[in-house]
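S.K.: just a sequence and a predicted model for now, questions to come.
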Amino acid sequence: MNENRNLVELNIELSAEFSRYLFDHPEFSDRIPPDSEIILVPEFDAELRDYNLSLGKAIEAEGEKARTEC
């Protein structure tokens, strides 16, 4: 449970960084399909990358759109 909490906290930090990027580069948001889930796939953390990819696969299995971003 503690490990998942750490991954969630890392995802919060990564999401904040991605939000800042979108603020600085609003044209990038045009590449994101409406109603899709953004799955951040960091190259610098294999454990977080694998965790997020598994979340993305679960979202797609439910029939939702998911887009991965490195």
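M.R.: Perfect, thanks for sending it.
S.K.: quick one: the strands in this protein, in order.
M.R.: If you assign secondary structure with DSSP state E, the strands in the chain sit at 37-40, 66-69.
S.K.: ranking those strands by mean pLDDT, which is last?
M.R.: Set side by side, these show their lowest mean pLDDT on strand 66-69, which sits at a mean of 67.
S.K.: buried residues in stretch 17-30?
M.R.: Burial within stretch 17-30, assessed by neighbour count using 16 or more other C-beta atoms under 10 Å, is assigned to no residue. No exception for glycine: its C-beta is placed from N, CA and C like everyone else's.
S.K.: typed the wrong thing, it's stretch 51-63
M.R.: Across stretch 51-63, burial judged by 16+ other C-beta under 10 Å covers 51-52, 55-56.
S.K.: what mean pLDDT does that stretch get?
M.R.: Computed over stretch 51-63, the mean pLDDT rounds to 89.
S.K.: which residues are contacting that stretch?
M.R.: Contacts made with stretch 51-63 from outside it, assessed by C-beta atoms under 8 Å, 6 or more residues apart in numbering, are listed as 7, 11, 37, 39-42, 66, 68.
S.K.: since that was my last question, I'll sign off now.
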